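> Below are the sequence and a predicted model for it; my questions follow.
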Amino acid sequence: MHRHQAIALRTAYLLAGNESDAQEAAQDAFLKAYRALGRFRRGAPFRPWLLRIVANEARNRRRSAGRRQALVLRAAADAAPGDAAPSPEAALVSAERREELLAALNRLGDDHRLAISSRYFLELSEEETAAALGVRRGTVKSRLARALERLRVELGEEHDG
Amino acid sequence: MAELDRELLALGAHVMLPAERDLWPGVFARLAERPRTHWLRVAAVAAAALAAAVGIAFAVPPARSAILRFFGLEGVSITRVGKLPPVTHGEAVVGQRTTLDGAARRLGFAPLLPDVGAPTAVYLDPSDVAVLLVYGRPVRLRLEETRLGVFSKILTFRERVNRVTVNGDPGVWLTAPHVFEDFFSQPRLAANALIWEHDGITLRLEGRFTKSEALHIARSLRPR
């Protein structure tokens, strides 16, 4: 369980929209997963199976709370000046560009924002992304492609890449 | 990789996401709530079954199936049946091979070990909540341990279930053949088995042994 709790919590967070619902959803999901272990197909990868349960729980919580939008992405608090040197990844995008990207992502529809967040921020595999989005695996590629296309439009970079 | 791909991957480090935390206490609290609802449910099922039985008492032979819940063994569901369903044979194990130390780290508790020498193989289930110790090749003993309340499903004939105690802890002795399903296996035909609970850990010992041999091994369990 410890191996999967971080990814379960983060997946739930993307779908439920806030931390406390995400935590409740992830805990409920673990309980359901244990009770359903008998139906877990032998030899199948465990994470997609678990994440599908997590995603269902998180979506149900959001619905029962009457919230429409899944999540507004926010920037994490930056490290204080004088902290450790920025990582090579951090150096790739300036603070200004980060704000621009986040704002554009938040203007996307839920489905598109979730597809991008699952793949790029949680770094889920295609199969895991399908589980988190509640779609078939074949749908993930096309949805992600459309999401990136929309993001480029939002950024005014349609002809880029 | 397109520039936007790289930027999004880098952005991941700056997006607010929940920090990792231990979800186990919350899950455990939910599990602890089980007995109440669970007894209610059992009572409801029993009431419904009784009503049905009264209604059809003269139409068909009495139902031969019932779910047993043993005090202290909440995670074990034992269903008594008149006929065992078809199941798989063989020794397939779902899980990851590991060491005793590796298992202890992932499980959050050190597996108890019987006084029968070192295990031949140690496995963890895919969700890191149960450990399986295998002794001998071919296998002569399997010992499974979990702290999780939900453990296994068993289908068996009525006459093959016996209540026992292991060093004062509640348990059940099941003779072969019975159908067993848990973290590590699809439903399969199991040999004789002893299931008991000690200190919040549910244990299951399976092998071709007699009841007194099984109890002897079970009583020898110690932390390493």
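Right, received. Where do you want to start? Numbers count the residues shown, from 1 in each chain, chains lettered A, B, ... in the order given.
> Could you tell me which ranges of the chain sit under the pLDDT cut-off?
Unless you meant another one, I'm taking chain A. Scanning chain A for pLDDT under 70 picks out A:1-2, A:35, A:37-44, A:69, A:78-91, A:159-161.
> oops, I was thinking of chain B
For chain B, the ranges with pLDDT under 70 are B:1, B:28, B:31-77, B:88-94, B:126-127, B:148-153, B:158-159, B:183-186.
> Spatially nearest residue to residue A:137 (excluding sequence neighbours)?
residue A:130 (4.4 Å; C-beta to C-beta, 6 or more residues apart in numbering or on different chains). Bear in mind the C-beta positions are built from the backbone N, C-alpha and C, glycine included.
> likewise residue A:152?
Counting by C-beta to C-beta, 6+ apart, the residue nearest residue A:152 is residue A:158, at 5.3 Å.
> That neighbour - how many residues pack around it?
Close neighbours of residue A:158, defined as other C-beta atoms under 10 Å in any protein chain shown, add up to 10.
> In PDB, could you pull the C-alpha coordinates for the strand or helix carrying the residue nearest to residue A:137?
If you go by DSSP states H and E, residue A:130 is part of helix A:126-133. The C-alpha trace of helix A:126-133 is given here as PDB (Å, rounded to 0.1, in the frame of the first residue of the first chain):
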ATOM      1  CA  GLU A 126      -1.000   5.300 -21.100                       C
ATOM      2  CA  GLU A 127      -2.900   2.500 -19.400                       C
ATOM      3  CA  GLU A 128      -2.900   4.300 -16.000                       C
ATOM      4  CA  THR A 129      -4.100   7.500 -17.700                       C
ATOM      5  CA  ALA A 130      -6.900   5.600 -19.300                       C
ATOM      6  CA  ALA A 131      -7.800   4.300 -15.800                       C
ATOM      7  CA  ALA A 132      -7.700   7.800 -14.300                       C
ATOM      8  CA  LEU A 133      -9.800   9.300 -17.100                       C
END
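> so residue B:82, which of the three states?
Using DSSP: H, G, I helix; E, B strand; the rest coil, the structure places residue B:82 in coil.
> Can you tell me how far the residue nearest to residue A:152 is from residue A:150?
Distance, residue A:158 to residue A:150, using C-beta to C-beta, to the nearest Å: 10 Å.
> Please enumerate the helices of chain B.
B:3-11, B:24-32, B:34-56, B:100-107, B:211-219 (DSSP state H).
> Could you state which residue of chain A sits nearest its centroid?
Nearest to the mean C-alpha position of chain A, by C-alpha atoms, centre = their mean, lies residue A:118 at 3.5 Å.
> Report the contact partners of residue A:105.
Contact analysis of residue A:105 by C-beta atoms under 8 Å, 6 or more residues apart in numbering or on different chains lists A:73, A:113, A:116-117, A:151, A:154.
> So which bits of stretch A:57-74 are buried?
A:57-59, A:61-62, A:70-71, A:73 (16 or more other C-beta atoms under 10 Å in any protein chain shown).
> from those, which is closest to chain B?
Nearest to chain B among the buried residues of stretch A:57-74 is residue A:73, at 5.7 Å by C-beta to the nearest C-beta.
> residues contacting that closest one?
Taking C-beta under 8 Å, 6+ apart as the test, what residue A:73 contacts is A:102, A:105-106, A:113, A:117, B:15-16.
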